[in-house]
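> could you look at this predicted model? Sequence included:
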Amino acid sequence: MRIAFACPYAWDDPGGVQVHVRELATHMRQLGHDVVVLAPIRSGATEPWVRAVGRPIDITFNRSNAPIDPRPWSVRRVRAELRAFRPDVVHVHEPFTPSTAMWATHAAEAPVVATFHTGAVRSRLYDAAAPLIRRTARRIVVRIAVSRVAERAAAARIGGAFEIVPNGADVGRFAGAEPADLGEGTKLLFVGRLDERKGFPVAVAAFGRSATERPTLRLIVVGDGPERAATDVLAPDVRARVTMLGAVPNVDLPPFERACDVYLGTSIGGESFGIVLVEAMAAGLPVVASDVPGYDEVMTDGVEGFLVPPRDPAAIAAAVETILDDPELAERFAAAGRARAAVFDWSVVGARLETLYRQAVATGPIR
């Protein structure tokens, strides 16, 4: 099968959708399919099967940065690439975002499968683009949402039925990685953009509460962003136990996950899934995460870890300390997390998507 993927966000920026599309395309190639990915790109792509069809502009959306190409004239490049590749099916991601995936939906001559990732129900950007969104929706043959919260967000605008297919993860890559050498101590891990939605200051405050009584406790931070200075509020001796690794490509992340003891998922909301939780569980980490929509579809409180109220450093610190003080509980959470992560492995998610691709091809394109 010849499959064209369209990613709306800058291919060379960090982000969950980019990781999802990259790993999905790689998995489909491993299964023997011919693949091309269309995306806006800042500088370049290392994969020969990726095509730059625009340059991103940074736009604030859902309390985070969205590096999209909203210039509609890039549709010409999208159309040219699709006609050159001649796909059997076009799989677009976030087609309601005015960027590459939307243009691919309109330019496609093959049937379109669309995956909706966002959990943002209220959006001025989407409201302003409502007429275009409705025209876009009419071109989609198969609608996929990565979670129930993503389904609700999309259905609020276009109605209809959706297939629920979660984000996938390379579970074996995280489970089998050799731990990185991060030095001595008990390590809490935070992974994500250091912006408002991901709740980095909340993680820092929780660490600060626990670290004062636990001199070997450390915080390992993977990511970068405007709130990187949140650690400045810590006392100097506690701040010295924070290791800022900066932005790390997802392919290089597993050794850092395997080297830590507890994962902190302190997002304040706006999540549609929680691939960071899946990856942490695959690496064998107990998880302490915010009890927000999206995250609560990935893990269960008291099974793979604890779900706690968002924006509550005291609750996060208490949950972390409960895990650290009870090795048997920590191991029970870790084992449950590994089992839960297996549900999201690409071998499972990819097979489901292959079935939907064949369904779309059998249905044919909507003109």
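The structure has been received and is ready for your questions.

> now the helices for the stretch 251-367 of the chain?
Here the stretch 251-367 of the chain has its helices, by DSSP state H, counting those that start in this stretch, at 254-258, 275-282, 313-324, 327-342, 346-363.

> want to throw these into JSON lines with distance to Pro201, mean pLDDT and mean neighbour count?
Using the backbone N, CA and C atoms, a C-beta is placed for each residue, glycine as well. Formatted as JSON lines, the helices of the stretch 251-367 of the chain follow (distance: least, C-beta to C-beta, whole Å; pLDDT from 0 to 100; neighbours: other C-beta atoms under 10 Å):
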{"stretch": "helix 254-258", "distance to Pro201": "21", "mean pLDDT": "98", "mean neighbour count": "21"}
{"stretch": "helix 275-282", "distance to Pro201": "17", "mean pLDDT": "97", "mean neighbour count": "28"}
{"stretch": "helix 313-324", "distance to Pro201": "9", "mean pLDDT": "98", "mean neighbour count": "20"}
{"stretch": "helix 327-342", "distance to Pro201": "25", "mean pLDDT": "98", "mean neighbour count": "17"}
{"stretch": "helix 346-363", "distance to Pro201": "33", "mean pLDDT": "98", "mean neighbour count": "16"}
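
> Ala84: which of these is closest?
For those, the distance to Ala84 is smallest for helix 346-363, at 19.4 Å, taking C-beta to C-beta.

> got the angle for that closest one vs helix 327-342?
20 degrees (axes from the mean of the first three to the mean of the last three C-alpha atoms, to 10 degrees).

> after the helix or strand encompassing Ala84 comes which helix or strand?
Assigned by DSSP states H and E, Ala84 belongs to helix 75-85. Using DSSP H and E, the helix or strand that follows helix 75-85 in sequence is strand 89-93.

> domain assignment for the protein?
2-168+345-363, 171-342 (automatic domain parsing).

> need the contact list for the closest residue to Val146 other than its chain neighbours.
Using C-beta to C-beta, 6 or more residues apart in numbering and skipping the chain neighbours, the partner closest in space to Val146 is Phe273 (4.8 Å). Residues in contact with Phe273 (C-beta atoms under 8 Å, 6 or more residues apart in numbering) are 16, 117, 119, 146-147, 150, 166-167, 294, 297-298.

> at 10 Å instead, please
Applying C-beta atoms under 10 Å, 6 or more residues apart in numbering, we find Phe273 in contact with 16, 20, 117-119, 145-147, 149-150, 166-167, 293-295, 297-298, 344.

> now do Asp224
14, 192-195, 244-248.

> same check, this time on Met281
So Met281 contacts 169, 171, 174-175, 257, 263, 274, 287, 298-299, 304-305, 333-334, 336-342, 344 (C-beta under 10 Å, 6+ apart).

> likewise for Arg214?
Counting by C-beta under 10 Å, 6+ apart, Arg214 touches 185-186, 207, 241, 320-321, 324.

> what of Ser290?
Counting by C-beta under 10 Å, 6+ apart, Ser290 has contacts 198-199, 202, 264-269, 271, 274, 296, 307-312, 315-316.

> would you map the strands across the stretch 51-200 of the chain?
Counting by DSSP state E, counting those that start in this stretch, the stretch 51-200 of the chain has strands at residues 57-61, 64-68, 89-93, 112-116, 140-145, 163-164, 186-191.

> flag the shaky bits of the stretch 1-150 of the chain, pLDDT-wise.
Applying pLDDT under 70 to the stretch 1-150 of the chain flags residues 60-65, 120-130.

> can you show me the helices along it?
Using DSSP H, counting those that start in this stretch, helices in the stretch 1-150 of the chain cover 16-30, 75-85, 100-107, 124-128, 130-137, 148-158.

> all set, thanks.
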